[in-house]
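1. coords below, sequence missing:
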């Protein structure tokens, strides 16, 4: 493994855009077996490169394709990441099955179908079921006679063959790593329902503010247009939906929701104080609130344009944020000015219908 990884390193360093690299081999927090290794490849500064990081990755993969006995998977490193798990590819998902035999049968079939897809590349799996294995049967009677439990046998075998790392020992010439990982089950809890809890909280706050169960939905109806605009802009520009782009979409939620709040708040106040009809109230709200809505939207849009057009060091990190904000604001601004009044009137008629159908209590 060391020889093959050194061969990969030699080929990688031949690329003109590669500045340096670090190589790791052996079992640690990222490598699960002795036949796995890692590279940390440092590229030259942005202004000195000949192309983008994604193009450099494809070029390096073609360069090392002729090296037999080893496979190299590369992905650009992000400063912000959702998951701390180290994987060979950019996206990953987990398969689970209580029946190991069925898992061994269907996983290779799934990998084969994914590799045949034209929109996917570098499909990999961390399943290693082709190695040697042995079945251990404990003589429980003799073990009990000496006070040895199955747990003791299991711990002894795991310590001997499982490469259990529980501390870091520093010596004069070497250091021995200790890895302590959280239980993966602890990462699968109610915290995954946080982007849903936020929307429910917004609905409750808006419901209390406007004393209505329906009009908060009118305000929240503007959010899909912002998300669709951001995704469309990212697709057109060829950028992925990374963490920075998700942050841009979160920022859009507050900016776009503000447009509907300005119209709905004015319309409800006009209905209550001026006794206007819903149609007249929302029409007047659109006329009087158009200027502040346009001013605040343009201020946010012009503030995001430098992020979208930025260049230089770190531009890859900032550009998706600006693209998501600009695309989401353009699409949502055009749609919400027309759809919000329509939804407002539709929900108002629905509320009036429920009031007429509700039984009166004498």
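-> Yes, it's here. These numbers come from a predicted model, not from an experiment.
2. residue 291 and residue 93, how far apart?
-> According to CB to CB, to the nearest Å, residue 291 stands 48 Å off from residue 93. In short, each C-beta sits where N, CA and C put it, glycine included.
3. neighbour count for those two, which is higher?
-> residue 291 (9 against 4; other CB atoms under 10 Å).
4. pLDDT score for the more buried one?
-> pLDDT for residue 291: 90.
5. would you map out the domains in this structure?
-> According to automatic domain parsing, the chain comprises the domains 2-84, 140-183, 191-356.
6. out of those, which is closest to residue 107?
-> domain 2-84 (16.4 Å; CB to CB).
7. chain center to that closest one: distance?
-> 22 Å (CA atoms, centre = their mean, to the nearest Å).
8. stretch 104-117 too?
-> With CA atoms, centre = their mean, you get 24 Å for stretch 104-117.
9. ok, stretch 244-255 next?
-> With CA atoms, centre = their mean, you get 13 Å for stretch 244-255.
10. for it, give me every contacting residue.
-> Here stretch 244-255 makes contact (CB atoms under 8 Å, 6 or more residues apart in numbering) with 78, 80, 223, 226-227, 230, 234, 239, 296-297, 300, 304, 317-318, 320-325, 328-329, 332.
11. pLDDT weak spots in the stretch 101-250 of the chain?
-> Scanning the stretch 101-250 of the chain for pLDDT under 70 picks out the ranges 128-132, 158-166, 179-196, 198.
12. can you show me the strands along the stretch 201-350 of the chain?
-> Shown for the stretch 201-350 of the chain, no strands are assigned by DSSP state E, counting those that start in this stretch.
13. which of the contacts of stretch 244-255 fall within helices?
-> 223, 226-227, 230, 234, 296-297, 300, 304, 317-318, 320-325, 328-329, 332 (DSSP state H).
14. could you turn the buried ones of those residues into a ChimeraX selection?
-> In ChimeraX, a selection of the buried entries from those looks like this (16 or more other CB atoms under 10 Å):
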select :223,226,227,230,234,297,300,304,317,318,320,321,322,323,324,325,328,329,332
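15. make sure residue 107 is actually in contact with residue 123.
-> No. The criterion here is CB atoms under 8 Å, and residue 107 misses it with residue 123 at 11.8 Å.
16. just to revisit the earlier point, of all the domains of the chain, which one comes closest to residue 98?
-> domain 140-183 (18.0 Å).
17. phi first, then psi, for residue 214.
-> Backbone torsions for residue 214, taken as degrees, to the nearest 10, come to phi -100, psi -40.
18. buried residues, stretch 248-261. List them.
-> Buried positions in stretch 248-261, judged by neighbour count with 16+ other CB under 10 Å: 248-249, 251-253, 255-261.
19. any idea which of those residues is closest to residue 173?
-> Distances from residue 173 to the buried residues of stretch 248-261, taken by CB to CB, are shortest for residue 248, at 48.7 Å.
20. where's that closest one relative to residue 224, distance?
-> 16 Å.
21. that's a strand at residue 42, yeah?
-> Yes. Applying DSSP: H, G, I helix; E, B strand; the rest coil, one finds residue 42 inside a strand.
22. tell me who's in contact with it.
-> Going by CB under 8 Å, 6+ apart, residue 42 touches 18-21.
23. now with 10 Å?
-> 18-22 (CB atoms under 10 Å, 6 or more residues apart in numbering).
24. of all those residues, which comes closest to residue 139?
-> The closest of these to residue 139 turns out to be residue 22 (CB to CB; 48.0 Å).
25. what about residue 15, helix or strand, and which?
-> If you go by DSSP states H and E, residue 15 is not part of any helix or strand.
26. neighbours of it, just the number please.
-> Count around residue 15 with other CB under 10 Å applied: 16.
27. phi and psi next, for it.
-> Dihedral angles for residue 15 - degrees, to the nearest 10 - are phi -70, psi 140.
28. would you confirm that it contacts residue 56?
-> Yes. Using CB atoms under 10 Å, residue 15 and residue 56 qualify as a contacting pair, with a distance of 7.0 Å.
29. list residues touching both of the two?
-> Shared contacts of residue 15 and residue 56, defined by CB under 10 Å, 6+ apart, comprise 41, 43-44, 50.
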